[in-house]
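Colleague: turn this into a model:
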Amino acid sequence: IDPRDELMGREAFVLTQLGERDAALTLLERYVSKHPEHVQGFKTGNFWGWEPLKSEPRFQRIVALAR
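Modeller: Presented below is the predicted three-dimensional model:
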């Protein structure tokens with residue numbers, strides 16, 4: 001049904017907006033471990049939805065994976 005795990009990313013977005021940062025970051029970590037090709041988008045993307053996570057060390061580690 002969701003071979004590219006798009007729902008995982010959308011769920012992480014919703015959790016972020018609800019203030020559930022820890023749960024959102026757990027999903028994002030899982031997402032990038034399954035889809036490392038998407039890590040670059042977290043570094044170069046300017047998506048407002050991740051703004052609440054940008055100061056989080058776990059989010060910064062995800063971004064640091066991007067070359």
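
Colleague: pull out the buried positions in the lowest-mean-pLDDT helix or strand in the chain.
Modeller: Ranking every helix and strand in the chain by mean pLDDT, DSSP states H and E puts helix 39-44 at the bottom, with a mean of 80. Neighbour-count burial for helix 39-44 flags 39, 42 (criterion: 16 or more other CB atoms under 10 Å). Placement of C-beta: from N, CA and C, glycine included.

Colleague: elements contacting the helix or strand harbouring R61?
Modeller: In this structure, R61 sits in helix 57-64 according to DSSP states H and E. Contact analysis of helix 57-64 by 3 or more CB pairs under 8 Å, 6 or more residues apart in numbering; DSSP states H and E lists helix 21-34, helix 39-44 as its packing neighbours.

Colleague: which among these is found nearest to A12?
Modeller: For A12, the closest of those is helix 21-34, at 4.0 Å, according to CB to CB.

Colleague: what's the burial count for Y31?
Modeller: 20 (other CB atoms under 10 Å).

Colleague: equivalent analysis for L25, please.
Modeller: Neighbours of L25 (other CB under 10 Å): 20.

Colleague: now the closest residue to it other than its chain neighbours: how far from L18?
Modeller: Excluding its sequence neighbours, the residue lying closest to L25 (CB to CB, 6 or more residues apart in numbering) is R58, at 4.5 Å. Distance, R58 to L18, using CB to CB, to the nearest Å: 17 Å.

Colleague: what do you get for W48?
Modeller: Distance of W48 to L18, computed by CB to CB: 15 Å.

Colleague: what about the two, which has more around it?
Modeller: Neighbours per residue, other CB under 10 Å: of W48 and L18, the larger number sits with L18, 10 against 7.

Colleague: show me the one of the helices and strands packed on helix 57-64 that comes nearest R4.
Modeller: Closest among the helices and strands packed on helix 57-64, once you apply CB to CB, is helix 21-34, at 9.5 Å.
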